[in-house]
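Asks: fold the following.
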Amino acid sequence: MKAYYRTYQFFMGLSLNFLPWIEPEIIEGAGSVKKLPLIIKRKGISNVLIVTDPGLMSLHLLDPLFEALGSSGIKYSLYDQVQPNPTVENIEAAFTVYRENKCQAIIAFGGGSPMDCAKITGARAARPNRSVIQMKGLFKVIMPALKMGHLFPPTLFAVPTTAGTGSETTVAAVVSNPDTHEKFPINDPVLRPRYAVLDPTLTVGLPPHITATTGIDALTHAVESYIGKFNYNNADTRIKAVMAVEMIFNNIEKAYKNGKDLEARGQMLLASYYAGYSFTRGCVGYVHGIGHKLGGMYGVPHGLAMSVVMPYVLDWYGETAHKPLAELAEVAGIARFGMRQSEKARAFIEAVKALNSRLDIPTKFDCIKDEDIPTIAEYALLECNPMYPVPKIMSKEDCMAVIKCLKAQGGV
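Replies: Okay, the predicted model is just below:
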């Protein structure tokens, strides 16, 4: 099976060069969200759907956008019931609002959950005869284009309020199915937003623990992309991953300790974007596979899952990841003169653990049940193999062993 996985990954990596990569246009700087209505109007769009969540609505974070849209004469409809780990029901409800109000484009406003909900809502608008479940996996939105509607979903304007998911530049969205406790990805180039608004003023109110876990989520994207085996396809992917790692190590604690530090907040937003850019081509790995299943099974927030799982998976990779991890240790300023490659790699993993500790991120989960571990491992590997170009391929027994290490003593 390993030979098949590597062959699949090789040809998958080659195929990435031929996909329609359309990079988002970046609008950045303090107050940049107020520029968005003018851009929308210039594109001839007069009616948009805004997808967000109840928490952001309660903070009145969207008020400046609402005001700017109104002043520009742009009609908007609102779907504000996105829940953490957005569900199929969330997407169908948002699609209903889009369709009934004859919207022309979508604004995703929030963290990864509103972004993912908005992406798949757009896919449903372009492929109304194709269910969310049918889009699960790779290229299930673009492939039926000749038979179903337009090639591209409606224009998506992404406004992140966290610096972590990088969803404003990725081709991926993650959906939860409460009926099966499954959390699955939908990956397709046409899901990528066309505009990304990086406004640090929207992130200053983030609580420290959200700042921490979303920031480490971005670090996970950069690290998994960099150590994966697709990177030979595009040097820019590796450069963006390196830039993201350096920026996160230099700025995450500043943003964590002082949420109003606009410079650090802006740097974290850009780092998140670069990390998202990187894994869009470089892909992710077992950290995401296991983390997604913990989210689907127990409702663990995505950023927290990534933060806790990453050091354990990097440990498990062992010497197969030493070279790229040693390079990242150099970038992060962790390596010391005279260190061997293995020592630099080990130092990087320990630095991630120490950073997690300083950010008050736990080291284990107390929600994991022993009887669930085989199921979590099975679904994690179904997501990861053969698609994710990981340094070393896990068996089910390997995956179960890693998950057992994540379980807190005295857990369920």
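Asks: am I right that Ile133 is in contact with Thr87?
Replies: No - using CB atoms under 8 Å as the test, Ile133 is too far from Thr87 to be in contact (11.7 Å). Every residue, glycine included, has its C-beta placed from N, CA and C.
Asks: quick check: neighbours shared by those two?
Replies: Asn177 (CB atoms under 8 Å, 6 or more residues apart in numbering).
Asks: more crowded one of the two?
Replies: Between Ile133 and Thr87, Thr87 has the larger neighbour count (other CB atoms under 10 Å), namely 20 against 14.
Asks: the longest helix along the chain: what's the following helix or strand?
Replies: If you go by DSSP state H, the chain has its longest helix at helix 235-257. Next in sequence after helix 235-257, counting helices and strands by DSSP states H and E, comes helix 262-282.
Asks: so where's this structure uncertain?
Replies: The chain contains residues with pLDDT under 70 at 143-151, 231-233, 410-412.
Asks: domain parsing for it?
Replies: Here the domain parsing of the chain from automatic domain parsing is 20-202, 208-406.
Asks: mind giving me a markdown table with those domains and columns for distance to Phe10?
Replies: Shown next, in a markdown table, are these (distance: least, CB to CB, whole Å):
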| stretch | distance to Phe10 |
| --- | --- |
| domain 20-202 | 15 |
| domain 208-406 | 8 |
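Asks: closest one to Gly13 among the ones you listed?
Replies: domain 208-406 (4.4 Å; CB to CB).
Asks: so how far is the first residue of that closest one from its last?
Replies: 23 Å (CA to CA, to the nearest Å).
Asks: need the contact list for the residue most central in space within the chain.
Replies: Nearest to the mean C-alpha position of the chain, by CA atoms, centre = their mean, lies Thr165 at 3.5 Å. Neighbouring residues of Thr165 by CB under 8 Å, 6+ apart: Gly111, Gly112, Met115, Thr214, Asp217, Ala218, Ser272, Gly276, His302, Gly303.
Asks: kindly indicate which of those lies nearest Ala173.
Replies: Met115 (7.4 Å).
Asks: leaving out sequence neighbours, find the closest residue to that closest one.
Replies: Ser167 (3.6 Å; CB to CB, 6 or more residues apart in numbering).
Asks: again, but for Leu138
Replies: Closest residue to Leu138 in three dimensions, ignoring its sequence neighbours and counting by CB to CB, 6+ apart: Asn187, at 5.0 Å.
Asks: one more: Ala163?
Replies: Per CB to CB, 6+ apart, closest to Ala163 is Met268, 3.7 Å.
Asks: test my guess that the one you found contacts Ile216.
Replies: No - using CB under 8 Å, Met268 makes no contact with Ile216, being 11.0 Å away.
Asks: give the residues shared as contacts by those two.
Replies: Taking CB under 8 Å, 6+ apart as the criterion, Met268 and Ile216 both touch Ile248, Ile252.
Asks: have a look at these two and say which one is more surrounded.
Replies: Met268 (31 against 25).
Asks: partners of the helix or strand harbouring Val159, with directions?
Replies: Assessed by DSSP H and E, Val159 sits inside strand 156-160. If you go by DSSP bridges, strand 156-160 pairs up with strand 105-110 (parallel), strand 195-198 (parallel).
Asks: helix or strand right after it?
Replies: Remark: after strand 156-160, the chain's next helix or strand is strand 172-177, criterion DSSP H and E.
Asks: elements contacting that following strand?
Replies: On a contact count with 3 or more CB pairs under 8 Å, 6 or more residues apart in numbering; DSSP states H and E, strand 172-177 meets helix 88-100, helix 112-126, strand 182-187, helix 286-298.
Asks: tilt between the second one and strand 156-160?
Replies: Note on geometry: by axes from the mean of the first three to the mean of the last three CA atoms, to 10 degrees, helix 112-126 and strand 156-160 are set 170 degrees apart in direction.
Asks: same check, this time on the first one
Replies: Here helix 88-100 runs at 130 degrees with respect to strand 156-160, directions being taken by the same axes, to 10 degrees.
Asks: determine how far helix 88-100 lies from the middle of the whole chain.
Replies: 22 Å (CA atoms, centre = their mean, to the nearest Å).
Asks: now the third one
Replies: Taking CA atoms, centre = their mean, the mean C-alpha location of strand 182-187 is offset from the chain mean by 12 Å.
Asks: who does it pair up with?
Replies: Strand 182-187 is paired, per DSSP bridges, with strand 137-138 (parallel), strand 172-177 (antiparallel).
Asks: just the buried residues of it, please?
Replies: Within strand 182-187, the residues that count as buried by 16 or more other CB atoms under 10 Å are Glu182, Lys183, Phe184, Pro185, Ile186, Asn187.
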